[in-house]
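Trainee: sequence first, then the predicted structure:
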Amino acid sequence: MEKYAVIMAGGSGTRLWPLSKEHKPKQFINLDGKKSFLVQTIERICEVIPSENCFVITNKDYLQLTKEDVNGLIPVSNIIIEPLKKNTAACISYASLFLEKKFGKGVVCFIPADGFVRNKAAYLNAINQVYQEAECRGKMMIIGVKPTYPATGFGYIQIDSEDEKGISKVVQFKEKPDLETAKDYIKTNQYLWNSGIVAGQLNALIAGIKHIMPKHYESLTNALTSKDLSTNIEAAYSQLEDISFDYAFLEKFQNLHVVKGYFDWFDIGTLDAISILVGTDEHNNSVIGNHLGIDTENSTIYSMDSFITTIGLKDIIIIEMEGIILVCKKERAQEVKGIVAMLKKSGYEKFL
């Protein structure tokens, strides 16, 4: 059975502001001096499947950025355009129906564009396993990553016992926990980080969407079978609920299985995660750009244009980019999304 991959690259990445902005969200940015998250994700998956079987789904506002970023990696015709931002339930439903119409059958793996991965060999082993299990068992699969520390910024998957192939059944999904709860999860050895990487046979996936999300199925099917797709797909999207695939589908799906991934994976969703990409110095600081400091430790300093000096700082994030400066405590990095909302409300959209 033919294998396909869909890279989901339509998010806005507001929790990484000002590094990630509405006109250039995090999947397109380069934080570590190498390649964008989107390019790295495509290059990894294309070691498993041919590039012509790799698709990117993104918002219409990011079409030109996507074309520039994936130039030469995959065919431009493999970019699927969403007319509106309606979260991953719409994204995965639309892409699944699109691929079924184009190819009829196959196994598809959906991968977020903004994941950071170390130990590529172990990552590709997990990807190959979800393809194989989805094809052979006809089941919906998800990759859960074995936690290496009690992360509070990731969702978790509770699993039952493993079978002889190391496959587990999903018991339930858990939202981002507080620190004490995350520590408890680690102790039980029954919880994995939710990577957001899911796979299944197209026919099984679409049958599940039809049953669990009938509105998504009906609206998108009607648009895809119409003569004027561009007009009708926007009308279809306007009717859909803004909801994640996890909430709308996976949490209600009764036979979801997990492949355990033994690779370093991080959802670079907040500014405090920059240290994961760039590492730390002898004072546990993560620095990109020009910086000198006295008594500065366990801090993140990122500057594109300015020379930053610090005295007596601990557990602080400083981000300077394109004339914008953000300073916050590390422990409050999750609240950057609130600053973005304040900027919109106060008429400062030009900084977004």
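Mentor: Yep, that arrived.

Trainee: where do the helices sit along the stretch 51-200 of the chain?
Mentor: 63-69, 87-103, 120-137, 179-188 (DSSP state H, counting those that start in this stretch).

Trainee: report the angle between whichever strand or helix holds residue 39 and helix 120-137.
Mentor: Using DSSP states H and E, residue 39 sits within helix 37-45. Taking axes from the mean of the first three to the mean of the last three CA atoms, to 10 degrees, one finds helix 37-45 and helix 120-137 inclined to each other by 70 degrees.

Trainee: for helix 37-45, which helices and strands make contact with it?
Mentor: In terms of contacts (3 or more CB pairs under 8 Å, 6 or more residues apart in numbering; DSSP states H and E), helix 37-45 is packed against strand 3-8, strand 54-59, helix 63-69, strand 107-112, strand 115-118, helix 120-137. All C-beta spots, glycine's among them, are computed from the backbone N, C-alpha and C.

Trainee: and the ones you listed, which one is worst for confidence?
Mentor: Of all those, strand 115-118 carries the lowest average pLDDT, namely a mean of 84.

Trainee: give me the mean pLDDT for the helix holding residue 39.
Mentor: pLDDT averaged over helix 37-45 gives 93.

Trainee: look up how far residue 63 lies from the closest residue to residue 67 other than its chain neighbours.
Mentor: Nearest non-adjacent residue to residue 67, counting by CB to CB, 6 or more residues apart in numbering: residue 76, 5.9 Å away. Separation of residue 76 from residue 63 (CB to CB, to the nearest Å) stands at 10 Å.

Trainee: got phi/psi on residue 298?
Mentor: phi 50, psi 40 (degrees, to the nearest 10).

Trainee: neighbours around it, how many?
Mentor: Neighbour count of residue 298, defined by other CB atoms under 10 Å: 15.

Trainee: relative to strand 107-112, how tilted is the helix holding residue 39?
Mentor: 150 degrees.

Trainee: got the CA coordinates for helix 37-45 in CSV?
Mentor: Output of helix 37-45 as CSV, limited to C-alpha atoms (Å, rounded to 0.1, in the frame of the first residue of the first chain):
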residue,chain,number,x,y,z
PHE,A,37,11.3,23.7,11.1
LEU,A,38,9.2,23.0,8.0
VAL,A,39,12.2,22.2,5.9
GLN,A,40,13.8,19.9,8.6
THR,A,41,10.5,18.1,8.9
ILE,A,42,10.2,17.5,5.2
GLU,A,43,13.8,16.3,4.8
ARG,A,44,13.3,13.8,7.6
ILE,A,45,10.1,12.3,6.3
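
Trainee: how far out from the middle of the chain is it?
Mentor: Relative to its parent chain, helix 37-45 has a centroid offset of 12 Å by CA atoms, centre = their mean, to the nearest Å.

Trainee: just the buried positions in that helix, please.
Mentor: For helix 37-45, a neighbour-count test (16 or more other CB atoms under 10 Å) marks 37-42, 44-45 as buried.

Trainee: gap between the two ends of stretch 134-143?
Mentor: End-to-end distance for stretch 134-143: 12 Å, by CA to CA, to the nearest Å.

Trainee: show me what contacts the most centrally placed residue in the chain?
Mentor: When the chain is reduced to its mean C-alpha position, the nearest residue by CA atoms, centre = their mean turns out to be residue 112, at 3.4 Å. Contacts for residue 112 (CB atoms under 8 Å, 6 or more residues apart in numbering) come out as 7-8, 11, 41, 195-197, 267.

Trainee: of these, which is the most crowded?
Mentor: Most surrounded of the contacts of residue 112: other CB under 10 Å gives residue 7, at 29 neighbours.
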